[in-house]
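quick one: sequence and predicted model below, then my questions.
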Amino acid sequence: MSRLVTQDLIINVPERRDGTALNIAIEPGQIWGVLGPNGAGKTTLLHTLAGLNAPRSGQVLLGGQPLETLRRRQIAQRLGMVFQERLDGFPATVLETALIGRHPYLSLWQMEGADDYARAEAALEQLDVAHLRDRLVSTLSGGERQRVAVATVLTQAPSIWLADEPTNHLDLHHQSAVMALMAQQAAQGSAVMMCLHDLNLAARWCDYILLLYPSGEACWGPRDTMLVPSALERLYQQRLATVQVNGAPVFVPIQ
Ligand SMILES: Nc1ncnc2c1ncn2[C@@H]1O[C@H](COP(=O)(O)OP(=O)(O)OP(=O)(O)O)[C@@H](O)[C@H]1O
């Protein structure tokens, strides 16, 4: 199992001053939530952790090795990313899309084998999209497409999950199912970091929270020390009421 560590990391948000250098360690078994208003740099952070964006300064270590010293394929065998936006490059079915999750493990012209198909089909089943396996992804609804994206990363079986708003487009039942899947992955030893707009999902499912401010300022720590109403009101510039439901805080925006 891998850990993901940042050392004095400054993400490169254009035209923003450096802000807080990030020194965090995302350990196997942990679930991290990244919270912040629109434009705070959450996606930029996840892309930097995945090696898709270069940091402005500092570095990211995957399993103790700087990301820039690893080949893309080595990274993809350990780290999977659920993107916020996806562009359909060429027409592909749901099953073909899930099988892309196996590509980091196949050589250039190697065809997927029975084990690869079994993993993809099990992932589609778990995300409740197996009945759509032969449909073109371009014909799916937003929520169905989101579940296929999560199923593709599940097929990839990474030990580090980076998920950019993984509950985007999902109805309440499937939001819970995807968060339960993240918890299951963490319980099996993966490390999970996800950007969330829903404070209540963060309060219910995340162990650690990173608050990212539009200024580049950031703070992080165990959930209960971070999800403090005054800090969240400053983060979102929004008044909040807090109630307790089933032992977890529920935050409601108020006028
Ligand atoms: N290529 C680019 N050129 C200029 N500005 C960019 C570019 N990419 C991102 N930005 C800016 O960087 C800032 C951070 O963007 P980012 O997508 O990381 O924010 P976010 O916190 O994920 O926002 P959201 O909650 O809206 O998804 C935004 O102000 C965005 O406009």
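Received, thanks.

so where do the strands sit in the chain?
Listed in chain order, the strands of the chain (DSSP state E) span residues 4-10, 25-26, 31-35, 57-62, 65-66, 79-82, 160-164, 191-195, 208-212, 218-222, 240-245, 248-253.

the third one pairs with which strands?
In the sheet, strand 31-35 lines up against strand 191-195 (parallel), strand 208-212 (parallel) (DSSP bridges).

quick one, that strand and strand 218-222 angle?
With axes from the mean of the first three to the mean of the last three Cα atoms, to 10 degrees defining the directions, strand 31-35 sits at 150 degrees from strand 218-222.

now do strand 31-35: everything it contacts.
Applying Cβ atoms under 8 Å, 6 or more residues apart in numbering, the external contacts of strand 31-35 come out as 24, 26, 42, 45-46, 182-183, 186, 191-197, 199, 201-202, 205-212, 223, 232, 235. Heads up, the C-betas are built off the backbone N, CA and C, glycines and all.

next: the first one.
For strand 4-10, the external contacting residues (Cβ under 8 Å, 6+ apart) are 18-19, 21-26, 48-49, 55-62, 64, 79, 160, 191, 193, 216.

chain center to stretch 109-125, what's the gap?
Mean C-alpha position of stretch 109-125 versus that of the full chain (Cα atoms, centre = their mean, to the nearest Å) differs by 22 Å.

tabulate the CA atom coordinates of that stretch in CSV.
The C-alpha trace of stretch 109-125 is given here as CSV (Å, rounded to 0.1, in the frame of the first residue of the first chain):
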residue,chain,number,x,y,z
TRP,A,109,-0.5,-4.5,-27.8
GLN,A,110,-1.7,-6.9,-25.0
MET,A,111,-5.4,-7.6,-25.0
GLU,A,112,-7.5,-7.6,-21.8
GLY,A,113,-7.8,-11.2,-20.3
ALA,A,114,-10.5,-13.0,-18.4
ASP,A,115,-9.3,-11.5,-15.1
ASP,A,116,-9.5,-8.0,-16.5
TYR,A,117,-13.0,-8.6,-17.8
ALA,A,118,-14.0,-10.1,-14.4
ARG,A,119,-12.7,-7.0,-12.6
ALA,A,120,-14.5,-4.6,-14.9
GLU,A,121,-17.7,-6.5,-14.7
ALA,A,122,-17.6,-6.7,-10.9
ALA,A,123,-16.9,-2.9,-10.8
LEU,A,124,-19.9,-2.2,-13.1
GLU,A,125,-22.0,-4.4,-10.9
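
which of the residues in that stretch are buried?
Neighbour counts using 16 or more other Cβ atoms under 10 Å place E112, D116, R119, A120, E121, A123, L124 of stretch 109-125 among the buried residues.

quick check: phi and psi on the first one?
Geometry field for E112 lists phi and psi as phi -60, psi 140, criterion degrees, to the nearest 10.

how about the residues of this structure near the ligand?
Proximity of the chain to the ligand (Cβ under 6 Å from any ligand atom) is limited to residues V13, P14, G36, N38, G39, A40, G41, K42, T43, T44.

again, 8 Å this time
Residues of the chain that fall close to the ligand, judged by Cβ under 8 Å from any ligand atom: 11, 13-16, 36-47, 84, 164-165, 195, 197, 212, 214.

buried only: go through those residues for me.
Buried, going by 16+ other Cβ under 10 Å: 11, 13, 16, 36, 40-47, 84, 164-165, 195, 212, 214, out of the residues of the chain next to the ligand.

so which of the residues of the chain next to the ligand sit within helices?
Counting by DSSP state H, these place K42, T43, T44, L45, L46, H47 in helices.
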